[in-house]
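In: Okay, here's the prediction I keep looking at, along with the sequence it came from:
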Amino acid sequence: MTEPVRLVDQRRYDPARQVEVELGGCWWPGLQHAWRLTSDRDRWVADVEFSVRYGWGTGKHVQCVPPERVRLAAGEERRG
């Protein structure tokens, strides 16, 4: 039996900050709610939500991504 994944630490943004999230080589506008560190990973990940336009319509993504797949949106100041 494997050990359940635990949230070790979390740094929330309240309100969420505007970011761009990379998916498939394109950057999409979105929101970052927190940085999270879990017991199954050895690095922080960004808790984000963003929408992508596909040929069939818009798809909303809510996921955790590695730091290299998230960047501040233009005009968003660095904090925390």
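Out: It's in.
In: I'd assumed residue 11 was in a helix, is it?
Out: No - per DSSP: H, G, I helix; E, B strand; the rest coil, residue 11 lies outside any helix segment and is strand.
In: Can you report how many residues lie near the closest residue to it other than its chain neighbours?
Out: Nearest-residue entry for residue 11: residue 35, 4.4 Å, with adjacent residues in sequence omitted and distances by CB to CB, 6 or more residues apart in numbering. Every residue, glycine included, has its C-beta placed from N, CA and C. By other CB atoms under 10 Å, the residues close to residue 35 number 18.
In: sec struct for residue 35, please.
Out: State at residue 35, reduced to three classes by three-state DSSP: strand.
In: For the chain, which segments count as strands?
Out: Remark: strands assigned in the chain by DSSP state E are 7-23, 26-38, 45-54, 57-65, 70-72.
In: Save the ones you listed as JSON lines, and put in mean pLDDT too.
Out: Converted to JSON lines, those look like this (pLDDT from 0 to 100):
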{"stretch": "strand 7-23", "mean pLDDT": "96"}
{"stretch": "strand 26-38", "mean pLDDT": "95"}
{"stretch": "strand 45-54", "mean pLDDT": "94"}
{"stretch": "strand 57-65", "mean pLDDT": "93"}
{"stretch": "strand 70-72", "mean pLDDT": "97"}
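In: Can you tell me which residue is spatially central in this structure?
Out: For the chain, residue 48 is the residue whose C-alpha lies nearest the centre (CA atoms, centre = their mean; 3.0 Å).
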